[in-house]
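**Q** Starting from these lines, generate the structure:
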Amino acid sequence: QLQLVESGGGLVQPGESLRLSCAASGFTLDYRAIGWFRRAPGKEREGVSCIDSSGTVTNYADSVQGRFTISRDNAKNMVYLQMDRLKPEDTAVYYCAAIRLFPAMCPLTPDYDSWGQGTQVTVSS
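**A** Predicted structure coming up:
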């Protein structure tokens with residue numbers, strides 16, 4: 001069974017950091033681009049960041065550029081999202097997603113075929 005599981009969410013104060021993890025089971029993340037998306041209450045799903053299958057190409061939404069860093073460890077079948085200087089507007093459920101793509105391809109649109117269940121991130125004082 002193909003499964004993605006996110007972890008690492010929680011409640012933090014503005015300015016603090018969190019690291020989200022995305023673990024794959026039942027399939028390898030090799031040859032797959034991985035994206036992080038989020039959905040805040042009352043808002044549409046937003047592409048946050050993505051990383052290509054080689055790990056050399058990354059994309060970020062303007063709203064998180066310079067604060068978030070995506071990385072992957074194919075040996076561990078894991079992808080991470082380091083989130084620094086968090087803001088209240090970062091509050092959302094965060095999802096990781098995977099799609100088999102050629103290297104250097106990394107879309108921030110939700111055209112992914114495997115999705116996790118999400119992890120809640122709340123930034124509040």
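**Q** could you pull out the strands for the protein?
**A** All strands of the chain, identified by DSSP state E, fall at 3-7, 10-12, 18-25, 32-39, 46-51, 58-60, 68-73, 78-83, 92-100, 114-115, 119-123.
**Q** Give the bridge partners for the spatially most central residue of the chain, please.
**A** Centroid-nearest residue in the chain: residue 36, 2.4 Å away (criterion: Cα atoms, centre = their mean). Note on residue 36: beta-bridge partners by DSSP bridges are residue 49, residue 96.
**Q** which of the strands of the chain sits most buried?
**A** strand 32-39 (a mean of 24; mean count of other Cβ atoms under 10 Å). Any C-beta I mention is one placed from the backbone N, CA and C, and that applies to glycine too.
**Q** was I right about the residue nearest to the centre of the chain contacting residue 49?
**A** Yes - contact criterion Cβ atoms under 8 Å: residue 36 and residue 49 qualify, at 4.8 Å.
**Q** Now do the shared contacts for those two.
**A** Residues within reach of residue 36 and of residue 49 at once, by Cβ atoms under 8 Å, 6 or more residues apart in numbering, are 70, 81.
**Q** Could you export the strands of the chain as JSON lines, including distance to residue 107 and mean pLDDT?
**A** Shown next, in JSON lines, are the strands of the chain (distance: least, Cβ to Cβ, whole Å; pLDDT from 0 to 100):
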{"stretch": "strand 3-7", "distance to residue 107": "17", "mean pLDDT": "96"}
{"stretch": "strand 10-12", "distance to residue 107": "28", "mean pLDDT": "98"}
{"stretch": "strand 18-25", "distance to residue 107": "16", "mean pLDDT": "96"}
{"stretch": "strand 32-39", "distance to residue 107": "7", "mean pLDDT": "97"}
{"stretch": "strand 46-51", "distance to residue 107": "6", "mean pLDDT": "97"}
{"stretch": "strand 58-60", "distance to residue 107": "8", "mean pLDDT": "97"}
{"stretch": "strand 68-73", "distance to residue 107": "13", "mean pLDDT": "97"}
{"stretch": "strand 78-83", "distance to residue 107": "15", "mean pLDDT": "98"}
{"stretch": "strand 92-100", "distance to residue 107": "8", "mean pLDDT": "96"}
{"stretch": "strand 114-115", "distance to residue 107": "14", "mean pLDDT": "94"}
{"stretch": "strand 119-123", "distance to residue 107": "21", "mean pLDDT": "98"}
